[in-house]
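*Asks:* build the 3D model from these lines:
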Amino acid sequence: MTRRPIPADRVFALVVGIEKYAAGPAWDLPGPARDALRFRDWLLARGVRDSHVQLHLAPLPGSVPEVPFRPADHESLRRAFITDLPDRGDEALWVWWGGHGVLDTDDNTRLYTADATLGDRRNIHVESALARLRSDVTPGLGVQMWMVDACRTFDELHRFPQPPPTERLPAGGRVAAHEQILMFAAGRGQRAANDPDRRLGVFSDIVLSALPDEPVPDPQSLFEAVKARMDALQAAGNARQTVDFRLERPGHAHIEQSDPPPPGMTPLGRLIEALMAYPLMSDRDERQTLVNELPAAAVARMPRHLVPRTDVIGIVRTLRKRKDGLYELYDAVRLLDDDAGRSAELKASVQDFMAESGPGM
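*Replies:* Reported below is the predicted structural model:
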């Protein structure tokens with residue numbers, strides 16, 4: 001089905017980039033605010049009015065230039081979905097979201113807002129937001145395109161103190177009048193990769209490089225372009241996520257994924273390999289220098305071994321018991337060897353391991 005072109009002045013966008021959370025530094029995520037501004041720039045270059053781009057950011061210090069933006073807390077973003085978006089009379093809507101997320105026990109995606117804490121994980125319930133925007137409370141916005149760069153790891157694997165709040169956004173009466181396109185950076189149970197050194201999301205960067213000139217592109221063509229780039233990263237061993245694509249329009253529904261990643265090592269194995277890639281890990285004295293950079297309380301009872309790999313495994317197993325222990329290890333390794341390539345893989349492997357096996361993000 002070919003859709004007629006939608007004029008740029010009939011497009012509205014909700015653009016969200018959250019890098020800093022009330023939960024603390026362990027949740028810091030360099031990149032989403034910058035990606036949000038890059039997407040905003042793409043919209044403006046396509047002719048979308050600046051007043052039609054509603055920007056919600058929670059940037060890390062110094063991560064973005066001085067631009068006006070709205071807060072990215074739960075109250076502000078809930079208001080956006082409850083009031084701001086349904087009241088729009090435009091033809092098309094973009095929702096761009098970068099930040100932390102999780103898949104709850106009902107297989108619904110929760111996107112954390114900036115005021116989320118470990119004890120109160122405030123979030124936007126994606127499925128209920130979609131239901132609201134396709135109900136009769138949203139008479140306009142006939143075409144809605146979502147790009148979500150966030151993890152969809154299983155909530156129970158993080159061992160949080162309690163489940164996320166149960167709030168769902170209210171919807172109106174069901175109608176068959178809206179076209180909704182949703183592209184997730186990660187498939188069910190997967191982590192969305194982030195490049196901390198380049199300060200960008202891997203999925204966001206791919207989408208931004210694949211977007212064409214029209215302000216509301218053909219969704220299938222966009223997905224195919226994103227899929228091709230993600231498959232190439234997987235073939236090179238640089239990606240472990242599966243892009244999830246969903247399209248629903250009256251009388252038609254379509255769900256598709258990029259190719260599944262090839263079988264690989266466990267998150268623990270990847271972390272050990274990332275550490276062993278550092279030359280210092282093969283030298284006993286340099287490993288001791290590394291351990292000396294770690295908090296004394298963390299290493300007081302740490303088992304040590306003369307064999308490098310066995311020693312590194314013991315270091316990891318000890319530090320994983322601390323809330324921020326593996327991030328402390330990451331900082332100590334970078335202090336002694338700041339190679340950008342090894343650093344990016346180590347940070348990604350720490351995030352992957354934490355997402356699969358421990359609390360925190």
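*Asks:* secondary structure class for Trp146?
*Replies:* At Trp146 the chain is in strand, as set by DSSP: H, G, I helix; E, B strand; the rest coil.
*Asks:* ok, now Gly119?
*Replies:* From three-state DSSP, the assignment for Gly119 is coil.
*Asks:* show the backbone phi and psi for it.
*Replies:* Torsion angles at Gly119 (phi, psi; degrees, to the nearest 10) stand at phi -90, psi -20.
*Asks:* tell me the contacts of it?
*Replies:* For Gly119, the contacting residues are 161-162, by C-beta atoms under 8 Å, 6 or more residues apart in numbering. In this view, the C-beta of every residue, glycine as well, is placed from N, C-alpha and C.
*Asks:* distance check, it against Cys151.
*Replies:* 20 Å (C-beta to C-beta, to the nearest Å).
*Asks:* equivalent analysis for Leu208, please.
*Replies:* Shown here: Leu208 relative to Cys151, a distance of 19 Å by C-beta to C-beta.
*Asks:* same drill for those two, tell me which one is more crowded.
*Replies:* Between Leu208 and Cys151, counting by other C-beta atoms under 10 Å, Cys151 is the more crowded of the two (28 against 17).
*Asks:* how confident was the prediction at that one?
*Replies:* If you check Cys151, the pLDDT there is 92.
*Asks:* verify the contact between it and Val102 for me.
*Replies:* Yes: contact criterion C-beta atoms under 8 Å: Cys151 and Val102 qualify, at 6.6 Å.
*Asks:* buried set for stretch 337-344?
*Replies:* Neighbour-count burial for stretch 337-344 flags 337, 342-344 (criterion: 16 or more other C-beta atoms under 10 Å).
*Asks:* one more: stretch 281-288?
*Replies:* So, applying 16+ other C-beta under 10 Å, buried residues of stretch 281-288: 281, 286-287.
*Asks:* output these as CSV; include the columns distance to Ala186 and pLDDT.
*Replies:* Shown next, in CSV, are the buried residues of stretch 281-288 (distance: C-beta to C-beta, whole Å; pLDDT from 0 to 100):
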residue, distance to Ala186, pLDDT
Met281, 30, 93
Glu286, 36, 93
Arg287, 34, 93
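*Asks:* looking at this, Leu57 is in a helix?
*Replies:* No: the assignment for Leu57, made by three-state DSSP, is strand rather than a helix.
*Asks:* wait, isn't it in contact with Phe69?
*Replies:* Yes: between Leu57 and Phe69 there is a contact at 4.3 Å, judged by C-beta under 8 Å.
*Asks:* so if I had to pick from these two, which one is more boxed in?
*Replies:* Neighbour tally, Leu57 and Phe69, criterion other C-beta under 10 Å: the higher count belongs to Leu57, 26 against 20.
*Asks:* residues contacting that one?
*Replies:* Taking C-beta under 8 Å, 6+ apart, we find Leu57 in contact with 16-19, 33, 36, 64, 69-70, 72.
*Asks:* give me the most central residue, this structure.
*Replies:* Centroid-nearest residue in the chain: Ala150, 2.4 Å away (criterion: C-alpha atoms, centre = their mean).
*Asks:* ok, that residue touching Arg110?
*Replies:* No: using C-beta under 8 Å, Ala150 is not in contact with Arg110, being 9.1 Å away.
*Asks:* once you drop chain neighbours, what's closest to Arg132?
*Replies:* Ala171 (4.4 Å; C-beta to C-beta, 6 or more residues apart in numbering).
*Asks:* burial measure for the one you found, as a count.
*Replies:* Ala171, neighbours per other C-beta under 10 Å, totals 17.
*Asks:* so it, which of the three states?
*Replies:* coil.
*Asks:* I'd like the distance from it to Leu133, if you could.
*Replies:* The gap separating Ala171 from Leu133 is 8 Å, by C-beta to C-beta.
*Asks:* now Asp231
*Replies:* From Asp231 over to Leu133 the distance is 30 Å, taken as C-beta to C-beta.
*Asks:* between the two, who's got more neighbours?
*Replies:* Leu133 (21 against 16).
*Asks:* for the stretch 151-300 of the chain, which segments count as strands?
*Replies:* In the stretch 151-300 of the chain, the segments counted as strands under DSSP state E, counting those that start in this stretch are 179-184, 194-195, 200-201, 244-249, 252-257.
*Asks:* residue most distant from the centroid, the chain?
*Replies:* Leu306 (39.0 Å).
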